[in-house]
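Q: One predicted model, sequence on top.
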Amino acid sequence: MHRVLCPVETLYVGQRSRAVLSCTLRGPVDVAALSAAFDATTEAAPPLRSRIEQDGTDYVLRVLGADERPRLITRTGDEHEAYAAELNRPLPVGGPLSRAVLVSAPDGESHLFVLVVDHTVTDGHSSIALHNALWDRYRALVEGTTDVTADPELPRWPEPVSRLLPPVDDADTAKYLDGRLEEIRRHPVELVPYDVAGGEEAGADGHIEVRRLTLDPELTSRLRRTARDSGVSVHALISATLLVTARRRLPEGAGARTLGCLSPVDLRSRLSPPLPASALVPAVTTHLQTLQVSEASEPLDVARAVHARLGDFLSRGDHVHEMRITPEIPRNPQLQLATVIATNMGVVPGPRLPEGLRAVDVRLVPAREHYFPQAGRSPVMACVVSFEGRLSIEFPHSTACYSPSFMRAFRDDVRAGLLRFTTAAEPGLAGAAGG
């Protein structure tokens, strides 16, 4: 049982990137029930129990045998150490494209659950839906409300999103690509320099760490209110704050610099019919825009520009062309080269758990195997999601590129910028309000 990867999915094969979902739990966990729930989840979703193989010039997903498929891993340990370890533990080449780990404290009342899925078969929305569906199965097992055995019909492979897009003229896509290449030639973006010495030796010593920013529900609500009153999205406010913060990290020199903002764009809601979040496929494209940002730029003005350009991109239908040109990225990596990358999962629910077990924290962090410290500079990644109404921004980075102190300062500056938006009494004062 196998499925050929489409050209867009093939792009992820070499990136070795993964979605890391984690859930900090308090209360008793029935390990046998959680193991059964994970088995039922992987049985219903062939990509989770598959490996990537090369078949001639193509790559395929091939289902693993029963003795190779992923099973729940359990152990005792410290949740903070366990999280750091799982974040830095790649999915093995040639092995299953998912991993589930439960690390419990010796008293059995505190736990960390980590679900890791290869980005070749998932995106942010589907990984969150998968995590919640697994806990739905667990709850049903514990409460005895339903059976979690697999559907009697054979599970089906999800269709690649590139085959679900509306038809477009090839000449129009070629013209779009020419325009994109000309734009990046005329306006190359500046990247934030690493503060750690680069080179191969540094790459060998680096590991992934995450700096995190959270806003409580009240501050999150205020940020949304400022966005609404200002006629922009929360994504635009966050992107602008990231850009202004990045501008301060560039080498000395007054005046405007050309910065790039890369925004992943969810395609699921833009297909006809819409694709559910439960479909395990990468269903995103990207929008790259360049902006002139100076030390004196008002964040709200930058946010309005980000919001307007992304809106124009979508209204023109350019997201379809952008998805079509994705296979060109290996030949022209500048198509996705940005100063900051701001994901946007929006407001999503956390897992629904049985009585007596509660989730005190839920996180989504992207990670990858290669960070290339020898490049000397790179985009700054910010993964944005609001679980249960609380905004969270994760800043994953390699310590071979950016030091923890550098990323803490970057995170703190972004937080200060967002707090200024939350204290804005009127839209016109949002850029200058103190906080």
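A: Thanks, I have the structure now. Numbers count the residues shown, from 1 in each chain.
Q: Please count neighbours and contacts with C-alpha atoms only from this point.
A: Will do.
Q: Let me see the ranges of the helices in the stretch 251-400 of the chain.
A: Along the stretch 251-400 of the chain, counting by DSSP state H, counting those that start in this stretch, helices occupy 299-315, 318-324.
Q: end to end, how far does stretch 257-275 reach?
A: One end of stretch 257-275 to the other measures 39 Å (Cα to Cα, to the nearest Å).
Q: and if you look at stretch 90-102?
A: Terminal residues of stretch 90-102 are spaced 17 Å apart (Cα to Cα).
Q: List the buried residues of stretch 23-31.
A: Going by neighbour count (16 or more other Cα atoms under 10 Å), the buried part of stretch 23-31 is 23-26, 28-29.
Q: Among those residues, which one lies nearest to Val189?
A: Set against Val189, the nearest of the buried residues of stretch 23-31 by Cα to Cα is Cys23 (36.6 Å).
Q: Name the SS class of the closest one, please.
A: Put simply, Cys23 is strand when judged by DSSP: H, G, I helix; E, B strand; the rest coil.
Q: Spit out the contact partners of the nearest residue to it once chain neighbours are set aside.
A: In space, and not counting its chain neighbours, Cys23 is closest to Val362: 4.5 Å by Cα to Cα, 6 or more residues apart in numbering. Residues near Val362 by Cα atoms under 8 Å, 6 or more residues apart in numbering: 21-24, 350, 387.
Q: Could you tell me the phi and psi values at the spatially most distant residue from the centre of the chain?
A: Centroid-distance maximum for the chain: Gly144 at 34.1 Å, with Cα atoms, centre = their mean. Note on Gly144: its backbone torsions stand at phi 70, psi 30 [degrees, to the nearest 10].
Q: Next one: it from Pro28, what distance?
A: Taking Cα to Cα, one finds Gly144 at 16 Å from Pro28.
Q: and what of Gly179?
A: Counting by Cα to Cα - Gly179 and Pro28 are separated by 57 Å.
Q: and if you look at Phe421?
A: Distance from Phe421 to Pro28, by Cα to Cα: 40 Å.
Q: Give the next helix or strand downstream of the helix or strand bottoming out on mean pLDDT in the chain.
A: In the chain, the helix or strand scored least confidently by mean pLDDT, DSSP states H and E is helix 200-205, which has a mean of 49. Using DSSP states H and E, the helix or strand that directly follows helix 200-205 along the chain is strand 208-214.
Q: what's the most buried one of the helices of the stretch 251-400 of the chain?
A: By mean neighbour count, with neighbours taken as mean count of other Cα atoms under 10 Å, helix 318-324 ranks first of the helices of the stretch 251-400 of the chain at a mean of 20.
Q: avg pLDDT for that helix?
A: The average pLDDT for helix 318-324 rounds to 96.
Q: Give me the residues contacting it.
A: With contacts defined as Cα under 8 Å, 6+ apart, helix 318-324 is touched by 8, 162, 165-166, 168, 173, 176, 265, 284-287, 313.
Q: Next: stretch 3-19.
A: Here stretch 3-19 has contacts from 52, 58-62, 116-124, 127, 157, 160, 162, 282, 323, 326-327, 330, 364-370, using Cα under 8 Å, 6+ apart.
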